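# got a sequence here, can you build the structure:
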Amino acid sequence: MYSGFSGRQRVGNVTTVESPNTAYINMEPHWLLIEALLQGTYGIRKGHRKYLPQEPRELDEAYDNRLMRSTLAPYFVRLERMLAGMLTRKPVRLEDVSDVVTEQLFDVDLQGNDLNVWTYETARKCIRYGHVGVLVDAPKAGENGRPYWTQYTPRDILGWRSEVANGSQQLTMVRLMEKITVPDGLYGEKQVEQVRVLTPGAFEIHQKDDKGDFRLIDEGRTSLSEIPFAVAYSNRVGVLESRPPLADIAELNLKAYQVQSDLDNQLHISAVPMLAIYGFPQSAEEISAGPGEAMALPETARAEYIEPSGNSYSAQFQRLEQIAQQINELGLAAVLGQKLSAETAEAKRIDRSQGDSTMMVIAQQMQDLIDNCLTFHAQYMQQAQVGSSFINRDFLSTRLEPQEIQALLQLYTAGTITQETLLNQLSAGEVLGDEFNVEEEVEATQTGGLIEMDKPEPKVETEVTMPEADPEVTDELD
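Numbers count the residues shown, from 1 in each chain. Predicted coordinates:
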């Protein structure tokens, strides 16, 4: 194989803090092609003969020219982005999260990314490698700051230990590789590697020195009794061990690159016709031909240009189309249960009911990841109110048709369904906006949506009392 990976399980020799464990070593070969594809055409060319084999008797100069003409179609990268985008097609919903934590989640990683952007990038890494880890870190006691969330891919997680406690699997140690930028001289900077070792309630930082050795430079205690490290899986094998779920698509992407290279090379060669001369003496001097030259040939000789008929090219074009179709079917049918080709409605329902489960698992894993991070965040802030999150499950647009909306309105008018059910259905059908709150709307309509106006002060009726008449005067009048 081009990667040189035999498929045998290899055992890691963990002797230093930066040594990867056995699970890491066995996962790494599955990442190499994917990481090369992520770098695009430049990254795949950098691997040269590893990903684009040199043909027998092909000159090095000819191979280098073919390599520089070969380009990579970004099938894998686009599919990864699409799947992560489906999870974040609707914003992450937070429930019962305190206002203080909610405000901090607008810059969840102290890099300017809010929770939705952060979730999109984390989901991409989870789909790419098979799992992703997140550390909820906080400044040391006495330092100003707040908790923040940091992503770690499987390549950054060097080793770990776990045990079953209180009915669940819990980490007792994890080693994380980090790269930090430090000042170098007056104006420069350099990148330094360091390993963060986490144990329940404690941490250590080992930094690489100029000799290449990792030395302990910092250690201390944390305010949490457990390791604040959460994990989400897309293709789980074991504790912090997985396989890339899109590995087959990566292989097909490489195959498309190789077939496209062969086709482009043949088209490049055949694009220039070759001059053929018949009946010219072999002992004659070498001749040349060009737009400003003429040839003098013997009377029985002739010259003409020849070019291939190109009948074989159609087979190669069809092969490229087949590979693209396979990528489409694997990426959408295997992960989503949906194809971009025309299908009957019943077939789509069957495919979706079978395939959505994979994306549902990823959505649930990402939701659990955020919930665990919210728990660690609240513990750092010493808040009893933790809250929860909800990740979108509507991966494809499901906007209701006008006739479906009319049918719901008729059911509500007839009293068959409640107003809350109607609004929930319209919200799920993407008729209402993402920020629409059903409970607030129901409450507002029940009160008529009116603000109670100040009542006018009651009028005070004044009774007019007439003075009593003098009885003598009354007699006189009579």
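# the protein: helices as residue ranges?
Under the criterion DSSP state H, the chain contains helices at 22-27, 29-38, 40-46, 60-69, 75-87, 99-104, 115-129, 247-270, 313-328, 345-380, 402-413, 419-428, 438-446, 471-477.
# pull out the buried residues from the third one.
Of the residues in helix 40-46, 44-45 count as buried by neighbour count, 16 or more other Cβ atoms under 10 Å. Quick note: C-beta positions are derived from backbone N, CA and C, even for glycine.
# now the helices of the chain as TSV including distance to Glu299?
TSV is the format used below for these (distance: least, Cβ to Cβ, whole Å):
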stretch	distance to Glu299
helix 22-27	74
helix 29-38	60
helix 40-46	52
helix 60-69	38
helix 75-87	59
helix 99-104	93
helix 115-129	70
helix 247-270	32
helix 313-328	38
helix 345-380	72
helix 402-413	83
helix 419-428	87
helix 438-446	95
helix 471-477	165
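# tell me the most buried of these?
Most buried of those, by mean neighbour count (mean count of other Cβ atoms under 10 Å): helix 115-129, with a mean of 22.
# now that helix, how far from the chain's geometric center?
4 Å (Cα atoms, centre = their mean, to the nearest Å).
# what's next to it, contact-wise?
Residues from elsewhere that reach helix 115-129 (Cβ atoms under 8 Å, 6 or more residues apart in numbering): 31, 34, 38, 80-81, 83-85, 87-88, 91-92, 94, 105-106, 108-109, 113, 132, 134, 149, 151, 153-155, 232-234, 242, 244-246, 362, 365-366, 369-370, 391.
# report the angle between that helix and helix 247-270.
Relative orientation of helix 115-129 versus helix 247-270 (axes from the mean of the first three to the mean of the last three Cα atoms, to 10 degrees): 80 degrees.
# contact partners for Asn392?
Here Asn392 is in contact with 86-92, 363 (Cβ under 8 Å, 6+ apart).
# now it: how far from Thr300?
In this view, Asn392 and Thr300 are 80 Å apart by Cβ to Cβ, to the nearest Å.
# and the nearest residue to Leu224 once chain neighbours are set aside, what's its pLDDT?
Nearest non-adjacent residue to Leu224, counting by Cβ to Cβ, 6 or more residues apart in numbering: Gln379, 5.7 Å away. If you check Gln379, the pLDDT there is 93.
# what residues are up against the closest residue to Thr418 other than its chain neighbours?
Distances taken as Cβ to Cβ, 6+ apart place Tyr412 nearest to Thr418, at 7.7 Å, with adjacent residues excluded. Tyr412 is in contact with 418-419, 421-422, counting by Cβ under 8 Å, 6+ apart.
# kindly recompute the last result at 10 Å.
Applying Cβ atoms under 10 Å, 6 or more residues apart in numbering to Tyr412 gives the contacts 418-419, 421-423, 425.
# look up how far Gln446 lies from it.
Tyr412 is 15 Å from Gln446, where distance means Cβ to Cβ.
# try Leu135
46 Å.
# which of the helices of the chain has the lowest mean pLDDT?
Lowest mean pLDDT of those: helix 471-477, a mean of 46.
# CSV for the contacts of Tyr412, including distance to Ile227?
As requested, these are exported to CSV (distance: Cβ to Cβ, whole Å):
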residue, distance to Ile227
Thr418, 46
Gln419, 47
Thr421, 44
Leu422, 47
Leu423, 43
Gln425, 43
